[in-house]
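Engineer: Structure for the following, please:
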Amino acid sequence: MHALARALTQMLEHQTAVRIQMRPNTELTDVVVESVRALGKHLMMDLSNGLTVRSHLGLYGSWHRYAKGEVWRKPRRQAGLVLETDTTEFVCFNPREVQLLSRGGIQEKNLLSRLGPDLATAHIDLEAVVQRARSLIDPDTSLVDLLLDQRIAAGIGNVYKSEILFLSRLQPMRALESVDDEQLKDLYRTASSLIRKNLRGGPRITRFDCDGLGRLWVYGRDAQPCLHCGHAIRRQRAGRDQRSTYWCPRCQPERPQRDSSR
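Structural biologist: Numbering: from 1, shown residues only. The predicted structure is shown next:
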């Protein structure tokens, strides 16, 4: 989300939006986009009238940019948010949420109170993250659900989830109670490092070996050989939302095991 916010900042900051349309029936005209910022997985557009447009892409959302009059690549009914300048249309298709907030108001403060620390920032209080996990999450919660819970720390999506668990050598369906505090710190330390390395945008990279074998360790590699040990990668829909999870059964065994070879 930080990469998207940075890209939209370059195109929209201090530009006049001649019209903003939000579903179901909100419309604003002739407002200046003062800033675009990421707040965990939320995109916040601060406007000159004191309001903020908040959007959350969820599983299926995406942003498109079109020249005025250009044919859209998706149906208009899928547009949850359209921002028009004199020359360009910015369209958010299939967002999970769009909302108009008063900047600094109660709704924005409530949102902030529900989010953990942003993992894209350079200095994360890992002790505080562990405390949030232990106090807010049921001990029998699986690690796949823990990592996607933005109340603990903000910024981990489904791809990062699988990659972080692989790098930490933890089996995805292990329960929170089976993982000690140092292992939890390692998970979120790894997450922060990967997210910050990808802030410039472009293809997401979690594997930095220049050998042509891929930029991700396990995600999207069902039945292919693990790039660490050669065992076949597995895929399963797991967790509360039954989202695709990838892991290596040999590198991430069900029994607790630490691997210092990475």
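
Engineer: Please state the backbone phi and psi of Asp220?
Structural biologist: For the record, residue 220 is Gly, not Asp. Backbone torsions of Gly220, given as degrees, to the nearest 10, read phi 80, psi 10.

Engineer: The chain: strands as residue ranges?
Structural biologist: 16-22, 26-39, 42-47, 51-56, 62-67, 79-84, 88-93, 97-102, 234-238, 243-247 (DSSP state E).

Engineer: Just checking: what are the partner strands of the second one?
Structural biologist: Using DSSP bridges, the neighbouring strands of strand 26-39 in the sheet come out as strand 16-22 (antiparallel), strand 42-47 (antiparallel).

Engineer: Show me what counts as buried in the first one.
Structural biologist: For strand 16-22, a neighbour-count test (16 or more other C-beta atoms under 10 Å) marks Ala17, Ile20, Gln21, Met22 as buried. To be clear about C-beta, it is placed using only N, CA and C from the backbone, and glycine gets the same treatment.

Engineer: which residues sit against that strand?
Structural biologist: When contacts are defined by C-beta atoms under 8 Å, 6 or more residues apart in numbering, strand 16-22 is touched by residues 26-33, 47, 53, 79-86, 98-100.

Engineer: and that strand with strand 51-56, angle?
Structural biologist: Angle, strand 16-22 to strand 51-56, by axes from the mean of the first three to the mean of the last three C-alpha atoms, to 10 degrees: 50 degrees.

Engineer: Any stretches of this protein with poor pLDDT?
Structural biologist: 255-262 (pLDDT under 70).

Engineer: Contacts only, for the residue in the chain sticking out farthest from the centre.
Structural biologist: Distance from the centre of the chain peaks at Gly69, with 31.3 Å (C-alpha atoms, centre = their mean). If you count contacts by C-beta under 8 Å, 6+ apart, Gly69 has none.

Engineer: Quick check: phi and psi on it?
Structural biologist: phi 90, psi -10.

Engineer: circling back: adding distance to Phe90, write the strands paired with strand 26-39 out as TSV.
Structural biologist: What follows is the strands paired with strand 26-39, written out as TSV (distance: least, C-beta to C-beta, whole Å):
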stretch	distance to Phe90
strand 16-22	9
strand 42-47	10
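
Engineer: And those: which comes nearest Lys185?
Structural biologist: Closest approach to Lys185 among these (C-beta to C-beta): strand 42-47, 25.2 Å.

Engineer: okay, the angle between that closest one and strand 79-84?
Structural biologist: Angle between the axes of strand 42-47 and strand 79-84 is 30 degrees (criterion: the same axes, to 10 degrees).

Engineer: State the separation between strand 42-47 and the centre of the chain it belongs to.
Structural biologist: Distance of strand 42-47 from the chain centroid (C-alpha atoms, centre = their mean, to the nearest Å) equals 16 Å.

Engineer: any idea how far Ala3 is from Cys210?
Structural biologist: Cys210 sits 22 Å away from Ala3, going by C-beta to C-beta, to the nearest Å.

Engineer: Of the two, give the one with the bigger neighbour count.
Structural biologist: Ala3 (16 against 6; other C-beta atoms under 10 Å).

Engineer: Check the gap between Arg221 and Gln150 for me.
Structural biologist: Where Gln150 is concerned, Arg221 sits at a distance of 26 Å (C-beta to C-beta).

Engineer: same deal with Ile20?
Structural biologist: For Ile20, the distance to Gln150 (C-beta to C-beta) stands at 25 Å.

Engineer: same check, this time on Gly116
Structural biologist: Distance from Gly116 to Gln150, by C-beta to C-beta: 6 Å.
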